[in-house]
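K.L.:
Next input, structure requested:
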Amino acid sequence: MTTKLPIAIILPHAALDIPPEFEGRLALDERDIFNEADVYTDLIFDFRDRVTHWLRFPYARALIDVNRPDDPAMLKRVGDGVVKDITSYGRPVFKPGLHPDLAEERAIVGRYWIPWHERLDAIAADPDVKLVIDAHSMAARGPKKYDPQEKMRPRACVSNLGDATGRANGYSGTTMPVEPLHFLGEEVGRRFARLNALCAYADPGPVVLNTPYRGGWDLKAHGLESRQPWAMIEVSRAMYIGRQDENSPVQPPRMAEIERLREALWEAIAALYLQLETATEAKAVEL
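P.N.:
Reported below is the predicted structural model:
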């Protein structure tokens, strides 16, 4: 049996399931929930037999988003909180009059959001965990609520809450130093360059840093002060879904593309882990 690496993989947006509290209340259909999800990232990042921690939130991010702060004043977009009001394509989540009231929202936070973040707290405090990867995907062109001009996105981005160079920008620091973040971006980019995208508008350029996303609440709440480096990886769905917008039909996973992405990502993540461990050992020798 292969020894597991002391890495944590977290997947806050991979699921498609509807929580029981929302049955019969949704204005969204299966297609809406599919197009809003980081769909099939639990297959792409399925390293549960290779890492010590693999954590997947079980419900659709179109409905409950554990990667958002439990504070409306901290949200960048109205309606984009823990309990969603509107999708990234501008569609209302609930039927008129059926949105959870404040008491229900607080119960949902207690039932789902708090346990998720307690588990991330435990990962951040675990001295045996050496690296955390926050795993996501993104549409090839941004939804209109996120990118009003529907900008073309790269094949992947890696993020540490910093700027386009990986340096601190607006927070108390970053969740991963500049050098390993650049290393991760280069490793992912080199491997992704060998893979074909499924639609013509997939940007063939390199993996970029902190663009279009710098990282969400999981990184901010747990990665800034943790004992180990955290990085977010966003994979363009152009690599395994193709052209996609709010009207795209639900489609089954394309396993050939997913398996190629999985192995490319694992090679990059394992290479980063080795680099981090080598640097730690070298520092210990110096001391």
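K.L.:
the helices in the protein, which residues?
P.N.:
Counting by DSSP state H, one finds helices in the chain at the ranges 30-36, 41-44, 102-108, 114-125, 178-192, 217-218, 255-286.
K.L.:
Could you give me the buried positions within the last one?
P.N.:
Neighbour-count burial for helix 255-286 flags 257-258, 260-262, 264-266, 268-273, 276 (criterion: 16 or more other Cβ atoms under 10 Å). (Glycine included, C-beta is placed from N, CA and C.)
K.L.:
what does the first one give?
P.N.:
Across helix 30-36, burial judged by 16+ other Cβ under 10 Å covers 32-36.
K.L.:
Check the offset of that helix from the chain's centre.
P.N.:
Centroid displacement of helix 30-36 relative to its chain, using Cα atoms, centre = their mean, to the nearest Å, is 17 Å.
K.L.:
again with the third one
P.N.:
Relative to its chain's centre, helix 102-108 lies at 25 Å (Cα atoms, centre = their mean).
K.L.:
Touching, Arg260 and Asn196? I think so.
P.N.:
No. The criterion here is Cβ atoms under 8 Å, and Arg260 misses it with Asn196 at 9.1 Å.
K.L.:
Show me whatever sits in contact with both of the two.
P.N.:
Residues touching both Arg260 and Asn196 by Cβ atoms under 8 Å, 6 or more residues apart in numbering: none at all.
K.L.:
Just the pLDDT at Trp217, thanks.
P.N.:
Trp217 carries a pLDDT score of 97 in this model.
K.L.:
Spit out the contact partners of it.
P.N.:
66-69.
K.L.:
how far away is Arg111 from Trp54?
P.N.:
22 Å (Cβ to Cβ, to the nearest Å).
K.L.:
neighbour count winner among the two?
P.N.:
Trp54 (19 against 12; other Cβ atoms under 10 Å).
K.L.:
Name the nearest residue to the more buried one, ignoring sequence neighbours.
P.N.:
Counting by Cβ to Cβ, 6 or more residues apart in numbering, Trp54 lies nearest to Arg48, which is 3.9 Å off, once chain neighbours are set aside.
K.L.:
gap between that neighbour and Ile10?
P.N.:
12 Å.
K.L.:
which of those two has more neighbours?
P.N.:
Neighbours were counted for Arg48 and for Ile10 using other Cβ under 10 Å; Ile10 has more, 27 against 14.
K.L.:
Name whatever forms a beta bridge with that one.
P.N.:
Beta-bridge partners recorded for Ile10 (DSSP bridges): Leu55, Asp134.
K.L.:
My read is that it contacts Ala122, right?
P.N.:
No. Contact criterion Cβ under 8 Å: Ile10 and Ala122 do not qualify, at 11.7 Å.
K.L.:
Tell me how many other residues surround the nearest residue to Ala8 once chain neighbours are set aside.
P.N.:
Nearest-residue entry for Ala8: His53, 3.7 Å, with adjacent residues in sequence omitted and distances by Cβ to Cβ, 6+ apart. Neighbours of His53 under the rule other Cβ under 10 Å: 19.
K.L.:
try the one 5 residues further on
P.N.:
For Pro58, the number of neighbouring residues by other Cβ under 10 Å comes to 13.
K.L.:
Then Asp17?
P.N.:
11.
K.L.:
tell me the contacts of it?
P.N.:
Asp17 touches 58-60, counting by Cβ under 8 Å, 6+ apart.
K.L.:
now the strands for the stretch 1-150 of the chain?
P.N.:
Using DSSP state E, counting those that start in this stretch, the strands found in the stretch 1-150 of the chain span residues 5-11, 51-56, 131-138.
K.L.:
Out of the ones you listed, indicate the one that is most buried.
P.N.:
strand 131-138 (a mean of 25; mean count of other Cβ atoms under 10 Å).
K.L.:
Compute the inter-axis angle for that one and helix 114-125.
P.N.:
Counting by axes from the mean of the first three to the mean of the last three Cα atoms, to 10 degrees, strand 131-138 points 140 degrees away from the direction of helix 114-125.
K.L.:
Which secondary structure elements does strand 131-138 sit against?
P.N.:
Strand 131-138 is packed against strand 5-11, helix 41-44, strand 230-236, helix 255-286, with contacts defined by 3 or more Cβ pairs under 8 Å, 6 or more residues apart in numbering; DSSP states H and E.
K.L.:
Save those as TSV, and put in distance to Phe94 and mean pLDDT too.
P.N.:
Formatted as TSV, the helices and strands packed on strand 131-138 follow (distance: least, Cβ to Cβ, whole Å; pLDDT from 0 to 100):
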stretch	distance to Phe94	mean pLDDT
strand 5-11	25	98
helix 41-44	25	98
strand 230-236	28	97
helix 255-286	32	89
